[in-house]
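Sharing a model that was predicted from the sequence below.
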Amino acid sequence: MSYRIAEVAELVGVPATTLRYYEDIGLVGRPARGANGYRSYDDADLERLRFIVATKSLGIPLTDVAELVKAYDVEDCSTVAHQVVELVATRLAETQTRIGDLVALAAQLQGVSARLADAPTSGRCGDGCPCVTAAPAAPAGRRTFVSLTRGPVVATPDAPVIACSLEADAVPHRLADWQALVARAVDREAIVGGMALQFVASPELVAEVARLAAAEQDCCSFFTFTLQMSTGTVRLEVRAPDDAADVVAAMFGTAA
């Protein structure tokens, strides 16, 4: 079947200008042109572009996408999938690091906002003025909650707040601890409201799971952790409200 560029753009979900750009940089070959001079795409072109758009949507750089396309054209699906898995793993690690950095930045910005809100209504700026770019240390005994969803931190009697009170500089370390633990899981299972991870039992692992779950529940009370132990295995169930589904996936992964 033959398609014009506008039809392909609609089918793969990108503007026609993007398709032309992919041609210009050599990511895809230039399609044949019909007697009327218009680009003419076939089914193979369409499937290749769907593959490109799908991998690009994962944040994989175009240079890597170009290498994947070469494999897509000549390799078995399992070989291509293996390459995609490796790139996705790298992208995931980078994204999880950025999550920690962004939550830490959000905590800092929230502190700055709170301090500026207390600025005097009159007088010139000077020493001790709150108009600074660095957040002050949080007052002793007071927790600063940073929203982990797109909306503001709003508490209701019926729903826990999807927010974290962990100190900003501790967030990346906590995420790294969870990543190291999750990497040891031998099985993952989607459950109602969350994710279940299964591990090979050992005293050291049980202690680490319990430590992290207790620490996380203290700063992110919207999580519910259930630890089950049986002969040779440890099962950790993590549940959270529907609004925190993305947070659960980012921290604990998804089922295969």
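That came in fine, so what should we check first?

May I have the secondary structure class of the residue lying closest to Ala71 once chain neighbours are set aside?
Of all residues not flanking Ala71 in the chain, Val80 sits nearest, at 4.9 Å (C-beta to C-beta, 6 or more residues apart in numbering). Where C-beta positions appear, they are placed from N, C-alpha and C, glycine not excepted. Under DSSP: H, G, I helix; E, B strand; the rest coil, the three-state class of Val80 is helix.

For Asp73, see how far away Val80 is.
10 Å (C-beta to C-beta, to the nearest Å).

The two - which one has more neighbours?
Counted by other C-beta atoms under 10 Å, Val80 and Asp73 do not tie: Val80 has more neighbours, with 19 against 12.

residues in contact with that one?
Leu68, Ala71, Tyr72 (C-beta atoms under 8 Å, 6 or more residues apart in numbering).

re the thing from before, give me the distance between the residue nearest to Ala71 and Tyr72.
Applying C-beta to C-beta to Val80 and Tyr72 gives a distance of 5 Å.

now Leu105
With distances taken as C-beta to C-beta, Leu105 is found 37 Å from Tyr72.

Of those two, which one has the most company?
Counted by other C-beta under 10 Å, Leu105 and Tyr72 do not tie: Tyr72 has more neighbours, with 19 against 15.

My read is that the more buried one contacts Phe51, right?
Yes: at 5.5 Å, Tyr72 counts as touching Phe51 under the criterion of C-beta atoms under 8 Å.

Any chance you could list residues touching both of these two?
With C-beta under 8 Å, 6+ apart as the test, Tyr72 and Phe51 reach no residue in common.

residues in contact with the residue found closest to Glu216 once you drop the neighbours it is linked to in the chain?
Closest residue to Glu216 apart from its sequence neighbours, by C-beta to C-beta, 6+ apart: Phe223 at 5.8 Å. The contact partners of Phe223, taken as C-beta under 8 Å, 6+ apart, are Glu216, Gln217, Val238, Arg239, Ala240, Ala244.

what's around the first one, how many residues?
Residue neighbour count, defined by other C-beta under 10 Å, stands at 19 for Glu216.

and the gap between it and Ser165?
Distance from Glu216 to Ser165, by C-beta to C-beta: 11 Å.

any common contacting residues for those two?
Contacts common to Glu216 and Ser165, judged by C-beta under 8 Å, 6+ apart, are absent.
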